[in-house]
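> predicted model follows, preceded by the sequence.
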Amino acid sequence: MSDKSESNYDKSRNRSVVYVYSPEYIQTCDSLSKVPNRASMVHSLIEAYGLLKYMRVVKPHVASIEEMAVFHTDSYLQHLHKISQDGDNDDPQSVDFGLGYDCPVVEGIFDYAAAVGGATLTAAQNLLDGKSDVAINWAGGWHHAKKDEASGFCYLNDAVLGILKLREKYERVLYVDVDLHHGDGNNTSITITITLRIIISLTGTGDVTDTGLGKGRWYAVNVPLEDGIRDDRYCQTFTSVMQEVKALFNPEAIVMQLGADTMAGDPMCSFNMTPVGVGKCLNYILDWELPTLLLGGGGYNLANTARCWTYLTGTVLGQTLSSEIPDHEYFTEYGPDYSLEISPSCRPDRNESQHLERVISTIKGNHHDNNQKLEMHRLQFS
């Protein structure tokens, strides 16, 4: 092990880590129809690897309407509460609030949204109180929900709620989003949004020329990637961009969304990543030694999502995990190899080096040229 590796290892072993969990919270999150029982699979694998003893487990609170209304509109929250009580799919107003095809109305959906929002707020509060260096809510990270509209399986934007909570203490909160799809709720002047993602996304937003809107002008950085990208090129691109962003923004705290739909084998069939590559990106951020909130997000191959987030939990804690999946409740879901590793498929990588270099160069140009404008913008809206 090199001196640098030993240094990183020592840092991770000394981190104070909070893990937000309760049986009731996991049961509530299991009810989400797009990823049924995923929360249980993730937690059970983390527990089976013996990682809970290295973290402080904290029971989440359920978010109040007032806490959710810090970002979401009263009209949206009231409608979500109304239809949630009886699973009313026929209310004509639901379409106006984005409820329908990819955000179905089911009984109890308001309670689910409040549980996820409260868990992310609980994690953020632990960072604010100085009780941890890193706080984890793998069942969070639902970044598509807008102020007054559900979108992309997301009923509540807990990522924004976490950012806003951290803003109570930290002026500059950096939001780093490595989900396959670009988030929707973060075009404000309180964050820089970093999204490594496919060009054609669920939202249709996030082009390399997109630097934010309104008060969020110059505060967004988007890194469009093509199909099939693997760990090496992804990590090289990530570190090049993040180095530039850190120098420009000088963040005081970080919210990182680690959607696992980038993994090889995910039904989204786009990126060709493994947990090892994402773990390197995570380590790069953790080396900044800033208060860091980690959230989940996408991930529709449930076993691979559990593999990914369990591996990343080990990364945060400096624990090397056995390749063999331990015996536990969901053991049979990991066949036929019963291994923690995810192997890339043979799909071609459509990201040519010249393309990535152009993207990085464009990003650096955008934000170097706009640095003075960004400073003026800060003064204007401060």
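The structure has been received and is ready for your questions.

> does residue 263 touch residue 301 like I think?
Yes. The pair residue 263 and residue 301 qualifies as a contact (C-beta atoms under 8 Å) at a distance of 6.6 Å. In short, each C-beta sits where N, CA and C put it, glycine included.

> need the residue closest to the centroid of this structure.
Central residue of the chain (C-alpha atoms, centre = their mean): residue 257, 1.6 Å from the mean position.

> show me what stretch 336-345 is in contact with.
If you take C-beta atoms under 8 Å, 6 or more residues apart in numbering as the criterion, stretch 336-345 is touched by 230-231, 263-265, 272-275, 304, 307-308, 310-311, 321-325, 331.

> which parts of that stretch are buried?
Along stretch 336-345, the positions that meet the burial threshold by neighbour count (16 or more other C-beta atoms under 10 Å) are 340, 342, 344.

> how long is that stretch end to end?
As for stretch 336-345, its first-to-last residue distance stands at 16 Å under the measure C-alpha to C-alpha, to the nearest Å.

> pLDDT weak spots in this protein?
In the predicted model, the chain carries pLDDT under 70 at residues 1-13, 88, 181-219, 366-382.

> ok so, going back, now render the buried residues of stretch 336-345 as a markdown table, adding secondary structure.
What follows is the buried residues of stretch 336-345, written out as a markdown table (DSSP: H, G, I helix; E, B strand; the rest coil):
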| residue | secondary structure |
| --- | --- |
| 340 | coil |
| 342 | coil |
| 344 | coil |
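
> what's the closest of those to residue 155?
The shortest gap between residue 155 and any of the buried residues of stretch 336-345 belongs to residue 342, at 28.6 Å (C-beta to C-beta).

> thinking again about what came up before, which of the contacts of stretch 336-345 are buried?
By neighbour count, with 16+ other C-beta under 10 Å, the contacts of stretch 336-345 hold 230-231, 263-265, 272-275, 304, 307-308, 310-311, 321, 325 as buried.

> which of those residues sits closest to residue 96?
Closest approach to residue 96 among the buried ones among the contacts of stretch 336-345 (C-beta to C-beta): residue 263, at 34.6 Å.

> which phi and psi does the closest one have?
Residue 263 has phi and psi values of phi -70, psi 150 when expressed as degrees, to the nearest 10.

> for it, which non-adjacent residue is spatially closest?
Spatial nearest neighbour of residue 263, excluding adjacent residues (C-beta to C-beta, 6 or more residues apart in numbering): residue 304 at 4.7 Å.

> check residue 256 too.
Using C-beta to C-beta, 6+ apart and skipping the chain neighbours, the partner closest in space to residue 256 is residue 176 (4.5 Å).

> what's around the one you found, how many residues?
A count of nearby residues for residue 176, using other C-beta atoms under 10 Å, gives 27.

> please, which helix or strand holds it?
For residue 176, the element it lies in under DSSP states H and E is strand 173-177.

> tell me what that strand is packed against?
Under the contact definition 3 or more C-beta pairs under 8 Å, 6 or more residues apart in numbering; DSSP states H and E, strand 173-177 sits against helix 158-166, strand 193-198, helix 231-249, strand 253-257.

> buried sites along the third one?
By neighbour count with 16+ other C-beta under 10 Å, helix 231-249 contains the buried residues 231, 233-235, 237-238, 240-242, 244-245, 248-249.

> contacting residues around that helix?
Contacts with helix 231-249, where a contact means C-beta under 8 Å, 6+ apart, come from 172, 174, 176, 178, 192, 194, 196, 221, 223, 225, 271, 273-274, 276-277, 280-281, 284-285, 288, 344, 349, 351, 353, 356, 359-360, 363-364, 367, 371, 374.

> quick one: the helices in the stretch 251-382 of the chain?
Across the stretch 251-382 of the chain, reading from the start of the chain, the helices by DSSP state H, counting those that start in this stretch fall at 275-286, 302-317, 353-369, 371-381.

> next: the stretch 1-150 of the chain.
In the stretch 1-150 of the chain, the segments counted as helices under DSSP H, counting those that start in this stretch are 3-13, 23-29, 38-48, 65-68, 74-84, 109-128.

> show me what counts as buried in the fifth one.
Of all the residues in helix 74-84, those buried under the rule 16+ other C-beta under 10 Å are 76-77, 79-80, 83-84.

> from one end of stretch 59-79 to the other, what's the distance?
28 Å.

> my bad, stretch 65-78
Terminal-residue distance, stretch 65-78 (C-alpha to C-alpha): 9 Å.

> now stretch 131-141
First residue to last in stretch 131-141 (C-alpha to C-alpha) measures 21 Å.
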